[in-house]
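Undergrad: Need coordinates for the below:
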Amino acid sequence: MKPTLFISSAFITLAASPAFAHTGHTEASSLVSGLMHPVIGLDHVLALIAVGLLATQMRGKSRMVLPVLFVTMMIAGAAITSSAFAIPFVEQGILGSVIILGAVIARGDRLPTSITTSLVGFFALFHGAAHFVEMPANATTMTYGIGFLIASLALISAGSLLGLVAPKLLGKVASTSVRIAGAAVSFAGLGLAIS
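TA: Below you'll find the model as predicted:
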């Protein structure tokens with residue numbers, strides 16, 4: 001979680017910067033808002049790291065499919081929500097993503113790719129909807145969107161890095177440690193759900 005702490009600290013520092021005195025400050029503040037949104041919510045952080053961890057449990061080219069699919073479907077969720085169609089149960093969907101994706105990682109043996117990709121794509125819709133709904137009123141949609149995509153990819157990459165580095169550092173116990181990380185994500189999601 002140290003990379004997440006570092007990223008969170010950097011974004012908070014950026015947000016605390018003095019007001020922009022020049023034109024274009026709306027663009028800058030939109031970007032900062034977008035960068036911060038996925039990072040300040042523990043539910044988003046856990047789900048995005050889970051997507052990265054889950055991707056490392058896939059084989060071959062499938063490892064790249066999950067991050068790309070998640071980001072694509074997150075954009076679709078934001079687009080659907082912007083078109084006046086409200087995606088229902090957004091908060092429940094986000095918490096479900098944390099609990100279920102963590103449980104899939106904890107399970108250890110790979111589910112069929114079609115099931116894993118369906119789960120990831122489905123849950124990404126809720127994350128995209130939440131990002132759009134919680135966009136500040138004065139934010140520029142495109143700049144805010146670029147910000148939340150960058151932050152989301154950074155968190156997914158952190159999860160992937162954790163999943164790829166663990167085998168090199170931990171050897172034979174690596175798969176167990178990744179499964180334990182998945183269980184921890186799932187239990188954290190349950191904790192968020194009942195709090």
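Undergrad: Let's check: the centremost residue of this structure is which one?
TA: Nearest to the mean C-alpha position of the chain, by Cα atoms, centre = their mean, lies residue 48 at 2.6 Å.
Undergrad: which residues sit in contact with that residue?
TA: Shown in contact with residue 48 (Cβ atoms under 8 Å, 6 or more residues apart in numbering): 38, 70, 127, 152, 155, 156, 159. C-betas here are computed from N, CA, C, even on glycine.
Undergrad: Just put those residues in JSON lines and tack on secondary structure.
TA: Formatted as JSON lines, the contacts of residue 48 follow (DSSP: H, G, I helix; E, B strand; the rest coil):
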{"residue": "38", "secondary structure": "helix"}
{"residue": "70", "secondary structure": "helix"}
{"residue": "127", "secondary structure": "helix"}
{"residue": "152", "secondary structure": "helix"}
{"residue": "155", "secondary structure": "helix"}
{"residue": "156", "secondary structure": "helix"}
{"residue": "159", "secondary structure": "helix"}
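Undergrad: Lowest-confidence one in these?
TA: When the contacts of residue 48 are compared by pLDDT, residue 38 scores lowest at 87.
Undergrad: That one and residue 152, how far apart?
TA: Residue 38 is 5 Å from residue 152, where distance means Cβ to Cβ, to the nearest Å.
Undergrad: between these two, what contacts are shared?
TA: With Cβ under 8 Å, 6+ apart, residue 38 and residue 152 have common neighbours 44, 48, 127.
Undergrad: Closest to residue 76 out of those?
TA: residue 127 (10.7 Å; Cβ to Cβ).
Undergrad: wait, isn't the closest one in contact with residue 97?
TA: Yes. The criterion here is Cβ atoms under 8 Å, and residue 127 meets it with residue 97 at 7.0 Å.
Undergrad: where do the contact lists of these two overlap?
TA: residue 47.
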